[in-house]
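>>> no sequence for this one, just the structure:
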């Protein structure tokens, strides 16, 4: 990942052009896997949400009017020393009642983050398990 400093650049520049197919299965009931990619260092999944609706964060009704779509590229884990990157299409819905917009909630990701909260907790657990007194000192 020399000249690819973000997950987006690596996914679109390298992963999406790789001919290898993945043998791994992504277990998430809220996501549909459209394409799978694999290189020597990364695994990529092109996924989409099962649900075609969102909820307004201000007034609460179910929203179906899509205003915009954006792609996010979070890191969700590590399989066999390969980083797993998702390409998720997030939808922006507009509320006809209060005229506000709200993003579709797909994964447990902080805004503008490139890693899911579960991945961060997994990495911290691995660091705690591998830490010994000689490493800490």
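That came through fine. Remember, predicted model here, so these are calculated numbers, not experimental data.
>>> how many residues are close by residue 98?
Neighbours of residue 98 under the rule other CB atoms under 10 Å: 14. In short, each C-beta sits where N, CA and C put it, glycine included.
>>> ok, residue 61 next?
Residue 61, neighbours per other CB under 10 Å, totals 12.
>>> distance of it from residue 95?
7 Å (CB to CB, to the nearest Å).
>>> could you check how far the closest residue to residue 72 other than its chain neighbours is from residue 80?
If the residues on either side of it in the chain are set aside, residue 72 comes closest to residue 88, at 5.1 Å by CB to CB, 6 or more residues apart in numbering. Computed with CB to CB, the distance linking residue 88 and residue 80 is 22 Å.
>>> equivalent analysis for residue 15, please.
For residue 15 relative to residue 80 (CB to CB), the value is 16 Å.
>>> so which of those two has more stuff around it?
residue 15 (25 against 6).
>>> the nearest residue to the more buried one once chain neighbours are set aside: neighbouring residues, count only.
Once flanking residues are discounted, residue 15 sits nearest to residue 44: 3.9 Å by CB to CB, 6+ apart. Residue 44: 26 surrounding residues under other CB under 10 Å.
>>> any idea how far the residue nearest the centre of the chain is from residue 49?
The geometric centre of the chain, computed from its C-alpha atoms, lies nearest to residue 74 (CA atoms, centre = their mean), at 3.3 Å. Residue 74 sits 14 Å away from residue 49, going by CB to CB.
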